[in-house]
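1. got a predicted model here, sequence first, then my questions.
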Amino acid sequence: MKITVFNGSPRIRGNTDILIEAALKAIKEKGYPVEVFRLNTMNIKPCQDCGGCDNTGICIIEDDMDLIYRSIREADRVILASPIFFSGLSAQAKIMIDRCQALWCEKYLLKRQMPQARFERKGLLLLVGGMKKDTGIKCGEESGKAFFRSIGIPIHETMGFTGIDKKGAILEHPTALRDVYDAARRLTNYE
């Protein structure tokens, strides 16, 4: 089982990183290969809505998204983790999702499905933000759902944590790390 993780946080060793580490602990205990992309350090240009992928399903922009497209195609499981900024996913996560327009075109316009994975494809969405209301989680969930469906992942679970703003504050949450660890174990089950 191959797992791909997209880290949408610009903050190193922040709350998103800590949640990802909890998920990776569960995955590594099972011995599965994991590819982690720290989106903030990658050369990813924004989607230009140019229509260049409409007839091919291939983006005409050449940058680090080529690595991401390959990993998405090979993955059995995908984790997307992002802080919530202004009631939505981070710019780093959103720019990557927007560039998956090429995969959306491949699926919906060209009627080509993602290559069959060894295991049923599933996803996990990890969201954390400072707002006490769940508005940002709900908005992030909608973008995450559109992303997962566009890349051929029909099932995903969302773990959202609100009221977590200060760097490292997720460590003070009574159940967050265990919840994410358990979610990652569920994600890597065969069923």
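-> That came through fine. Numbering: from 1, shown residues only.
2. contact partners for the spatially most distant residue from the centre of the chain?
-> Ranked by distance from the centre of the chain (CA atoms, centre = their mean), the top residue is Asn55, with 25.9 Å. Asn55 sits next to Leu110 when contact means CB atoms under 8 Å, 6 or more residues apart in numbering. Where you see a C-beta, it was placed from the backbone N, CA and C, and this is true even at glycine.
3. let's verify it: helix, strand, or coil?
-> coil (DSSP: H, G, I helix; E, B strand; the rest coil).
4. just give the closest residue to the residue most central in space within the chain, not the sequence neighbours.
-> When CA atoms, centre = their mean is applied to the chain, the residue found nearest the centroid is Leu80 (1.7 Å). Spatially, and ignoring its direct neighbours in sequence, Leu80 is nearest to Phe6 (4.8 Å; CB to CB, 6 or more residues apart in numbering).
5. same thing with Ile84?
-> Closest to Ile84 by CB to CB, 6+ apart is Gly129, at 2.9 Å.
6. go ahead and confirm the one you found touches Ala169.
-> No - look at Gly129 against Ala169 with CB atoms under 8 Å: they stay out of range, at 10.9 Å.
7. between these two, who's got more neighbours?
-> Gly129 (29 against 17; other CB atoms under 10 Å).
8. check the gap between the more buried one and Phe86 for me.
-> 9 Å (CB to CB, to the nearest Å).
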